[in-house]
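Trainee: Pasted the sequence and its predicted model underneath.
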Amino acid sequence: MIRINCPYCGLRGHDEFSYIGDATKQRPASPADATAAEWHDFVYIRDNPRGPHQEIWQHIQGCRAFVRVLRNTLTHEVLATGLPQDDLLAGASGPAKTEEAKTGEAS
Ligand SMILES: [Zn+2]
């Protein structure tokens, strides 16, 4: 089971969370001026990366907060978690970034 460290509730099983989507997608900078192709890309086009990937999950059966998760898509290992605005690849960590999330062994 994937274990995700919610910034507010602590380490929980992934069945308490809902996957929201790719955290790296950015809305067009100027929505009113964006072309249909830019909106199509934002809404429908997703990469299928192999390895570390930043995702947004929601703790739907807990505090309902949104959580940014850095997960290895190949092994499902959760490498880090944080607040939605955190950039987990840049080393910026939210209060919930822990080593327990790496192993999934802690309760
Ligand atoms: Zn929570």
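Mentor: Everything's here; your move. Bear in mind that the values here come from a model prediction, so they are computed numbers and not experimental data.
Trainee: Who is the nearest residue to residue 64 once chain neighbours are set aside paired with across the strands?
Mentor: Closest residue to residue 64 in three dimensions, ignoring its sequence neighbours and counting by Cβ to Cβ, 6 or more residues apart in numbering: residue 58, at 6.5 Å. Where you see a C-beta, it was placed from the backbone N, CA and C, and this is true even at glycine. For residue 58, the residues forming beta bridges with it (DSSP bridges) are residue 18, residue 66.
Trainee: for residue 54, same thing?
Mentor: residue 70.
Trainee: Need the residues that contact the biggest helix by length in the chain.
Mentor: Here the longest helix in the chain is taken by residue count, with DSSP state H as the criterion, and it is helix 36-44. The contact list for helix 36-44, computed with Cβ atoms under 8 Å, 6 or more residues apart in numbering, reads 25-28, 34.
Trainee: What is the neighbour count of residue 56?
Mentor: Using other Cβ atoms under 10 Å, residue 56 is surrounded by 17 other residues.
Trainee: Surely it and residue 65 touch.
Mentor: No - under the criterion of Cβ atoms under 8 Å, residue 56 makes no contact with residue 65, lying 10.7 Å away.
Trainee: thinking again about what came up before, buried set for the longest helix of the chain?
Mentor: Within helix 36-44, no residue counts as buried by 16 or more other Cβ atoms under 10 Å.
Trainee: do the same with stretch 63-83
Mentor: 65-71, 77-83.
Trainee: Any part of it near the ion?
Mentor: Yes - taking Cβ under 5 Å from the ion as the criterion, stretch 63-83 and the ion are in contact, through residue 63.
Trainee: Residue numbering should commence at 216 henceforth.
Mentor: Sure, I'll start numbering at 216, so the last one becomes stretch 278-298.
Trainee: Now do that stretch, average pLDDT.
Mentor: For stretch 278-298, the mean per-residue pLDDT is 96.
Trainee: Just the endpoints, please. Distance across it?
Mentor: One end of stretch 278-298 to the other measures 13 Å (Cα to Cα, to the nearest Å).
Trainee: in its sheet, what does the one helix or strand residue 295 maps to sit against?
Mentor: Per DSSP states H and E: residue 295 is located in strand 293-297. Next to strand 293-297 in the sheet, as set by DSSP bridges, lie strand 281-287 (antiparallel).
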